[in-house]
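>>> Okay, structure incoming, though there's no sequence with it:
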């Protein structure tokens, strides 16, 4: 852990209101930057750039501070914190947005503090592609840039998104987004087209069907999803996956070893499998190295033949 | 191969008319018993019980006879062979039925010839559960009974289906059917409920997302689908999977080894990955042991970490 390199994450910071068959939560800690950090900080030092309103209950991020997450890039702006409300159903793949109040996030302009500008690992959470590009302009020669995005930007700002993708080393998308971004009808063809645009690695998330890692020279790695009996709150599973994935990579001495990338997908999947078992980041807040190892071994056992 | 035990398959025998983005076919060999046999006969001796009409072009099953498939249980009835017409789209999971003419299959009453009644391995293809039960009544102490079914019987004849499931050792269903059969919302809970009804093994097919093997004492094995650039004709993929799966098992000396069951799922997936690359059974008709091994190794490589 001492040797792990720092990771910069830029994304949303939110308070989520959740209605689920397993219970309800008001103003639970949410947003891509916090979900990502709660996972990545299990492996490596994390630096956050995000914005909250002056109503933000700072005690909610105490557990991240205890893990050494650097909040000197967290802007506290006058106004309301970004709030999102969602309803989940028994089918964990289905959800409805009940409300979205952007608050101070609406005018978020990520400013990277000078002491963050040489961070070697960068996670660009799902924000406007123009903002993702502005972040990259402020970073000096990052070793690895991981980009997340969503349908909204694929449809709304395809040109800006394409420029951001060109500058990323790793693109994380879900299967529908991969097809939508490329117009290809099979996952392998879509991933091939994305690899030609710049990234050397594409991770396609398939929700309850797992994830697939595509790398240059035709390398493919399949990862099932951990078989869960109960999914309590699927919010933030994608950002948690990204946090486990990049956190694991940041802690490795040699990224030239292809197996390291596969294990990063396994770790992302494991941490995500835990986070959905309870509301918000409650589970990643208490997650131990031992618990992670148990599910990594379980994954190995579940795929051996 | 010499030691492989014989397999009895009871199912449909059809001529398929296919409209696909990759081309059209008229009166192509189809039906669950033929698809199953074209895969299982790569591993073990196969005995077919099915019915065709007196219009059936016998030269279409010449390649199965050459592999030693025993057609002495193939009834040739006065009338028209079962014909099915389907349209496929670029999305291989989507298909429309254009027509169904049951012909002689409408009054099919499977009669197991006396010299087939001690067959150790039995595959009950997707036919009326009452017929599946009648077949079982005619077999002496089968070592392994594998049952396939579909939504149609889950909704239409749930009681008969439940009796058939109770008498099967292995149940093969797709993910929607598993949920529908049990009312459970997660795959692992659905599989658990099915294992309590009698079968000691449940295989859940997830189409382009692979397959999952569930066995007693909580054993789970995940298998991705082979990543194909082109799916020409998805007809019969499920029966082909079952044929590769049961064929592989029938060729093994020791079914107590849990790894044998996992490898059976791998072989089923491999043969199914080939069959969809061309129309009808054209690809399984020419498939070699070497080609199967290449994809088994590819699967191993794609899931290692």
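Cool, the structure landed. For clarity, every value in this text was computed on a predicted model and none was experimentally measured.
>>> C-alpha from now on. contacts and neighbour counts both.
Fine.
>>> got the buried residues for stretch A:210-218?
By 16 or more other CA atoms under 10 Å in any protein chain shown, the buried positions in stretch A:210-218 come out as A:210, A:211, A:212, A:213, A:214, A:215.
>>> Do that stretch and chain B come into contact?
No - if you take CA under 8 Å from any CA of the partner chain as the test, stretch A:210-218 misses chain B, and the best it gets is 8.6 Å.
>>> what's the single longest helix in chain A?
If you go by DSSP state H, chain A has its longest helix at helix A:258-275.
>>> elements contacting the helix or strand of chain A with the lowest mean pLDDT?
Sorting the helices and strands of chain A by mean pLDDT, DSSP states H and E puts helix A:151-156 at the bottom, at a mean of 91. Secondary-structure packing of helix A:151-156 (3 or more CA pairs under 8 Å, 6 or more residues apart in numbering or on different chains; DSSP states H and E): helix A:175-182.
>>> Dig out what residue A:47 forms beta bridges with.
With DSSP bridges applied, residue A:47 shows beta-bridge pairing to residue A:8, residue A:70.
>>> and if you look at residue A:95?
Beta-bridge partners, per DSSP bridges, of residue A:95: residue A:88.
>>> gap between the two ends of stretch A:212-225?
With CA to CA, to the nearest Å applied, stretch A:212-225 spans 10 Å between its terminal residues.
>>> residues making contact with that stretch?
A:191, A:195, A:200-211, A:262, A:265-266, A:269, A:273, B:222-224, B:301-304 (CA atoms under 8 Å, 6 or more residues apart in numbering or on different chains).
>>> And for stretch A:247-258?
So stretch A:247-258 is in contact with A:1, A:3-7, A:39-44, A:121, A:260-261, A:264, A:267-268, going by CA under 8 Å, 6+ apart.
>>> swap the cut-off to 7 Å and go again
By CA atoms under 7 Å, 6 or more residues apart in numbering or on different chains, the residues outside stretch A:247-258 that reach it are A:1, A:3, A:4, A:5, A:40, A:41, A:43, A:44, A:264, A:267.
>>> Would you show me how to pick out the buried ones of the residues you listed in ChimeraX?
Selecting only the buried entries of those in ChimeraX, with 16+ other CA under 10 Å as the criterion:
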select /A:4,5,40,41,43,44,264,267
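>>> can you name the two of the contacts of stretch A:247-258 that are farthest apart?
Largest separation among the contacts of stretch A:247-258 by CA to CA: A:3 and A:267, giving 18.0 Å.
>>> Tell me the residues of the stretch 51-200 of chain A that contact chain B?
A:90, A:91, A:185, A:186, A:188, A:189 (CA under 7 Å from any CA of the partner chain).
>>> now do 10 Å
A:90, A:91, A:92, A:184, A:185, A:186, A:187, A:188, A:189, A:190 (CA under 10 Å from any CA of the partner chain).
>>> quick one, what contacts the second one?
The one in question is residue A:91. A:21, A:231, B:185, B:186 (CA atoms under 10 Å, 6 or more residues apart in numbering or on different chains).
>>> Equivalent analysis for the last one, please.
Residue A:190 makes contact with A:175, A:177, A:178, A:179, A:180, A:181, A:182, A:183, A:184, A:202, A:204, B:229 under the criterion CA under 10 Å, 6+ apart.
>>> what about the most centrally placed residue in chain A, distance to residue A:33?
In chain A, the centroid-proximal residue (CA atoms, centre = their mean) is residue A:239; its distance is 2.3 Å. Taking CA to CA as the measure, residue A:239 falls 8 Å from residue A:33.
>>> what touches both of those two?
Joint contacts of residue A:239 and residue A:33 (CA under 10 Å, 6+ apart) are A:11, A:123, A:125, A:126.
>>> Quick one: which of the residues you listed is the most crowded by neighbours?
residue A:11 (28 neighbours; other CA atoms under 10 Å in any protein chain shown).
>>> related to what we said a few turns ago, name the member of the contacts of residue A:190 with the most neighbours.
Result: residue A:178 is most packed of the contacts of residue A:190 (other CA under 10 Å), 29 neighbours.
>>> For that residue, report the pLDDT, please.
The model reports residue A:178 with a pLDDT of 95.
>>> Can you name the residues that contact it?
Here residue A:178 is in contact with A:150-151, A:154, A:171-172, A:184-191, A:193-194, A:202-205 (CA under 10 Å, 6+ apart).
>>> So which of these belong to helices?
Among the contacts of residue A:178, the members found in helices (DSSP H) are A:151, A:154, A:187, A:188, A:189, A:190, A:191, A:193, A:194.
>>> Next, work out how far apart the last one and chain B are.
It stands for residue A:194. 15 Å (CA to the nearest CA, to the nearest Å).
>>> How about residue A:162?
Separation of residue A:162 from chain B (CA to the nearest CA): 24 Å.
>>> Please verify my assumption that residue A:142 contacts residue A:122.
Yes - assessed by CA atoms under 10 Å, residue A:142 is found in contact with residue A:122 at 7.0 Å.
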